[in-house]
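Chemist: Sequence plus the predicted model coming up.
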Amino acid sequence: MQTAGATSRLMGAVLIISAIVVATPASGATSTAPLPAGAEVVWSHAPFEMGECGLCHTSDDAADPGPVSGEVNELCFGCHVETQEAMEAASMSHAAAVDDCTSCHNPHNSSHHKLLLAQPPELCADCHSEVWEEATQSPVQHEAVKEGVACLNCHGPHATNVDHLLTALPYNLCVDCHGQPDMIDDDGKQLTNFSELLSTNPSIHGPVAAQDCSACHQPHGGSTFRMLVEDYPAKFYAPFDAENYSLCFSCHNESVMAEANTTTLTGFRDGSTNLHFVHVNKTDRGRTCRACHEVHAAPQDHLIRDGVPYGKGDWVLKINYTIQANGGTCEKTCHGAKSYDRSKTVAPETGPAE
């Protein structure tokens, strides 16, 4: 029997779960009747296997068990007490599970694990079609959505205490996978071990410090490099266009890259010469932010990195940046040793001698 709390959680779930539709049997299934003779049975429900139809139906006669003897979920919870307790205790419930257990499960037998009508992600995709389209049709895809138990790598099927039915806080889910030492992308490129990176670097980017990976990344799939929510150049060099840096400029001031001279916009200047502009604002080989900054965590303030991967291999171009009282020095990088001093004064322009 539905409780007031369960009803409230159902309304919350409907509001937060994207692409939810009225629950229907998955993958074209039109019946929760037993599988036909000769079908492969992977999982069988114990009462059905033992011929005890009367546990759920009005009759114990397997040939004619009659209708179910009560509300479906109430019948299920008569045995599955732990599932009922977990759903009632959780702050978020899956709308399909609250509505009817047979939205996802065959109560008799199934050709899928756990009596499911289909395996995730196909089962989930029947309701969450927009999410599944994003996960499978986007130019950049997240393998975690499709591999192993697919959606259940991150989401609970019945109820959880985290928004969107996540099994843990998003940051913990991300780092749990992306904190492994040998992860590679589709191009064979080594991915960052974030457990190591974050534990060994004191300067942390704001969204990372806030444990908000979704501030910059889509969780299912996207159209940009690394599933970023906005554009950011994927390579070391790029012609400058503010649109290419829309991710950065969603937080940072675009003028830092647009104005050649300033005494207020940035500390990275030689006198009033804006060195961000000098490095980035070029029509051909502008250095992208990653040339000097690590976007997650770094050993020095302002996320200045020790070195940046350069070229096709694993070679790291060292920056050798040293902070100084009124500026800093880089050496043996893209150029010879160069220093900047923001306290330098610039002589005023004078007119022609009379």
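Modeler: Great, that's in hand. Numbers count the residues shown, from 1 in each chain.

Chemist: alpha carbons only for contacts and neighbour counts from here, please
Modeler: OK.

Chemist: residue ranges with poor pLDDT in this protein?
Modeler: Low-confidence segments of the chain, defined by pLDDT under 70, are located at 1-31, 346-354.

Chemist: Which parts of it are helices?
Modeler: Using DSSP state H, the helices found in the chain span residues 4-16, 46-49, 72-77, 81-89, 95-99, 122-125, 129-137, 170-178, 194-200, 206-209, 246-249, 255-258, 275-280.

Chemist: With mean neighbour count and distance to residue 184 added, can I get those helices in TSV?
Modeler: Putting those into TSV (neighbours: other CA atoms under 10 Å; distance: least, CA to CA, whole Å) gives the following:
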stretch	mean neighbour count	distance to residue 184
helix 4-16	16	32
helix 46-49	14	43
helix 72-77	17	43
helix 81-89	15	36
helix 95-99	21	35
helix 122-125	19	26
helix 129-137	17	19
helix 170-178	15	10
helix 194-200	15	13
helix 206-209	14	21
helix 246-249	18	24
helix 255-258	19	32
helix 275-280	20	29
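
Chemist: between the ones you listed, which one is nearest to residue 65?
Modeler: Proximity to residue 65 (CA to CA) singles out helix 46-49 among the helices of the chain, at 11.0 Å.

Chemist: Can you list the neighbours in contact with that closest one?
Modeler: Residues from elsewhere that reach helix 46-49, judged by CA atoms under 8 Å, 6 or more residues apart in numbering: 53, 55, 108, 109.

Chemist: which residues sit in contact with the closest residue to residue 307 other than its chain neighbours?
Modeler: Once flanking residues are discounted, residue 307 sits nearest to residue 318: 4.0 Å by CA to CA, 6 or more residues apart in numbering. Contact analysis of residue 318 by CA under 8 Å, 6+ apart lists 306, 307, 308, 332, 333.

Chemist: Show me those residues that map onto strands.
Modeler: Taking DSSP state E as the definition of strands, the contacts of residue 318 contribute 307, 308.

Chemist: Show me which of the contacts of residue 318 is closest to residue 62.
Modeler: Lowest distance from residue 62 to the contacts of residue 318 (CA to CA) belongs to residue 308, with 69.4 Å.

Chemist: what's around the closest residue to residue 181 other than its chain neighbours, how many residues?
Modeler: Nearest non-adjacent residue to residue 181, counting by CA to CA, 6+ apart: residue 193, 5.4 Å away. By other CA atoms under 10 Å, 16 other residues sit near residue 193.

Chemist: ok, now residue 273?
Modeler: Per other CA under 10 Å, the neighbour tally for residue 273 reads 20.

Chemist: if we can go back for a sec, quick check: the two most widely separated of the contacts of residue 318?
Modeler: Farthest apart among the contacts of residue 318 by CA to CA are 308 and 332. That separation is 13.0 Å.

Chemist: Got phi/psi on the closest residue to residue 41 other than its chain neighbours?
Modeler: Residue nearest to residue 41 in three dimensions, not counting chain neighbours: residue 111, with 4.7 Å by CA to CA, 6+ apart. In terms of degrees, to the nearest 10, the main-chain angles of residue 111 are phi -90, psi 10.

Chemist: my read: residue 111 touches residue 42, true?
Modeler: Yes. The criterion here is CA atoms under 8 Å, and residue 111 meets it with residue 42 at 4.6 Å.

Chemist: Who has more neighbours out of the two?
Modeler: residue 111 (18 against 12).

Chemist: And the more buried one, how close does it get to residue 160?
Modeler: 27 Å (CA to CA, to the nearest Å).

Chemist: Equivalent analysis for residue 136, please.
Modeler: 25 Å.

Chemist: And for residue 226?
Modeler: Distance from residue 226 to residue 160, by CA to CA: 28 Å.

Chemist: what's the answer for residue 185, then?
Modeler: Distance of residue 185 to residue 160, given as CA to CA: 30 Å.

Chemist: So for those two, which sits in the more crowded spot?
Modeler: The neighbour comparison of residue 185 against residue 160 (other CA under 10 Å) goes to residue 160, with 21 against 11.

Chemist: what's the residue closest to the geometric middle of this protein?
Modeler: Nearest to the geometric centre of the chain sits residue 219, at 2.6 Å (CA atoms, centre = their mean).

Chemist: residues in contact with it?
Modeler: 142, 227.

Chemist: again, only this time at 10 Å
Modeler: For residue 219, the contact set (CA atoms under 10 Å, 6 or more residues apart in numbering) comprises 134-135, 141-142, 144-145, 154, 170, 174, 213, 227-229.
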